[in-house]
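Engineer: Provided below for reference: sequence and predicted model.
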Amino acid sequence: MSAQLGAITAVHSLVSKVFQQPKGDLADRLNGRVTVFVLSVSAGLLLSTHFWGHPITCWTPAEFPKIWSDFVDQYCYVHGTYFVPLNCAEKERRQLINDRVACELVYDREERQKIFISYYQWIPYILAAQAILFYLPRFFWRLLCNFSGFDLTSTIRFIDMRWVQSNGDATKFIDREAQFEKPSSTYLWDGLRVSRRHHGQLSLYYVIYTIVLATNSWIQFLWLNSIIQSPADDLWGPSVIADLIVGKDWEDSGHFPRITHCDFYKRKPASVQTEAVLCVLNLNIYYEKLLLFLWFWMAFVAIVSTANCVSWSLTLCFKQRAQRKIRSYLMEHLHAPYLEKFFKTLGPDGLFILHQISLNVGDLPA
């Protein structure tokens with residue numbers, strides 16, 4: 001019991017550390033929080049069904065004892081199965097079968113195994129690996145923050161703490177100014193000066209981080225697509241949607257087939273016989289729905305990450321974009337001369353930090 005409680009405490013501590021990090025912008029949250037959570041939960045649930053369930057059941061000859069049938073199930077689960085549609089002649093006549101799909105259990109092994117189901121036993125591990133890979137850019141960003149000499153996480157926490165205290169204690173505007181604005185601005189300015197002494201360029205590092213984020217999200221999307229794409233279609237998601245619209249199910253398309261074939265070898269004196277059995281892949285019912293959602297979700301995350309990367313790159317190149325955010329908070333004096341001096345003093349890093357404070361604490365404290 002103590003070991004189980006220790007494991008639960010460790011997991012809770014890890015999750016708390018992940019979600020106590022600064023929120024970041026939309027692309028950062030989609031990659032490092034939402035996607036990591038979805039992939040981790042999916043991988044955990046699927047792994048439990050693989051270890052404690054029956055992911056595959058094969059139809060063996062009646063003369064096989066139970067131990068032989070169990071061996072065939074395990075063999076086909078480890079080595080993989082392949083899809084050959086049933087009633088192939090009728091489906092060919094109706095033009096439901098693509099030329100790249102084998103139609104008969106021919107003698108040629110490569111011919112009959114055109115659609116080989118190699119992903120079935122690996123999906124939980126692939127999703128777990130993708131959860132780790134989606135979190136790695138966030139870890140990379142923390143390393144860049146440390147390299148810049150500016151502790152962004154501590155700054156945001158300090159300002160958040162001062163803001164909560166000032167709202168709870170201060171009754172007048174001048175009291176709030178004394179308790180929040182002066183300590184916070186001093187803390188922020190001291191951090192900026194230390195960062196500049198170390199030649200840190202936090203805004204440039206963040207643009208590099210957004211490039212890594214966008215590149216990683218596209219790599220994960222293409223990896224998922226390459227694993228589950230069919231021989232007839234390069235983009236798996238739209239092809240499945242198109243099949244659903246026209247009423248074409250898995251028996252015709254081969255997308256996540258529920259019934260497949262498996263070849264195993266039975267050794268006899270002076271010969272080795274090849275046996276082919278039918279197998280039921282019951283988890284493909286859930287794989288199809290889950291991976292269809294993940295395919296479109298990762299495409300959406302990749303597009304948002306790319307747009308975020310372009311936006312921050314333009315902000316770094318054109319200082320007017322960063323200044324426009326500050327001007328939007330002002331009711332008057334939008335073009336006062338001292339604003340230009342204020343922007344110049346803050347620099348790109350200061351404007352970026354104000355943006356991060358706005359995202360994590362609120363527009364008013366920023």
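Structural biologist: Sure, I can see it. Numbering: from 1, shown residues only.

Engineer: hey, let's count contacts and neighbours off CA atoms from now on
Structural biologist: Fine.

Engineer: surely residue 27 touches residue 308?
Structural biologist: Yes. Taking C-alpha atoms under 8 Å as the definition, residue 27 is a contact partner of residue 308 at 6.5 Å.

Engineer: same question for stretch 225-242, mean pLDDT?
Structural biologist: When pLDDT is averaged along stretch 225-242, the result is 70.

Engineer: nope, stretch 127-142 is what I was after
Structural biologist: The model assigns stretch 127-142 a mean pLDDT of 91.

Engineer: list the buried residues in that stretch.
Structural biologist: Of the residues in stretch 127-142, 127, 128, 130, 131, 133, 134, 135, 136, 137, 138, 141, 142 count as buried by neighbour count, 16 or more other C-alpha atoms under 10 Å.

Engineer: contacts for it, please.
Structural biologist: 28, 31-33, 35-37, 39-40, 42-44, 205-206, 209, 212-213, 216-217, 220 (C-alpha atoms under 8 Å, 6 or more residues apart in numbering).

Engineer: how about a cut-off of 6 Å?
Structural biologist: The list of residues contacting stretch 127-142 from outside it, by C-alpha atoms under 6 Å, 6 or more residues apart in numbering, reads 31, 32, 36, 39, 40, 43.

Engineer: which SS state does the last one fall under?
Structural biologist: Recorded secondary structure, residue 43: helix (DSSP: H, G, I helix; E, B strand; the rest coil).

Engineer: wait, what's in contact with it?
Structural biologist: Counting by C-alpha under 6 Å, 6+ apart, the residues that residue 43 touches are 124, 127, 128.

Engineer: and it, how far from residue 132?
Structural biologist: 11 Å (C-alpha to C-alpha, to the nearest Å).

Engineer: the third one now?
Structural biologist: Residue 36 sits at a distance of 7 Å from residue 132 (criterion: C-alpha to C-alpha).

Engineer: now do the fourth one
Structural biologist: Distance check for residue 39 against residue 132: by C-alpha to C-alpha, it reads 9 Å.

Engineer: what sits closest to residue 304 if chain neighbours are left out?
Structural biologist: For residue 304, ignoring the flanking residues on the chain, the nearest one in space by C-alpha to C-alpha, 6 or more residues apart in numbering is residue 27 at 6.0 Å.

Engineer: also residue 213?
Structural biologist: residue 137 (6.0 Å).

Engineer: phi, psi of the spatially closest residue to residue 118 that is not a sequence neighbour?
Structural biologist: With C-alpha to C-alpha, 6+ apart as the criterion, residue 118 has its nearest non-adjacent residue at 5.4 Å, and that residue is residue 80. When quoted as degrees, to the nearest 10, the phi and psi of residue 80 stand at phi 90, psi 160.

Engineer: what is the burial count for residue 39?
Structural biologist: 20 (other C-alpha atoms under 10 Å).
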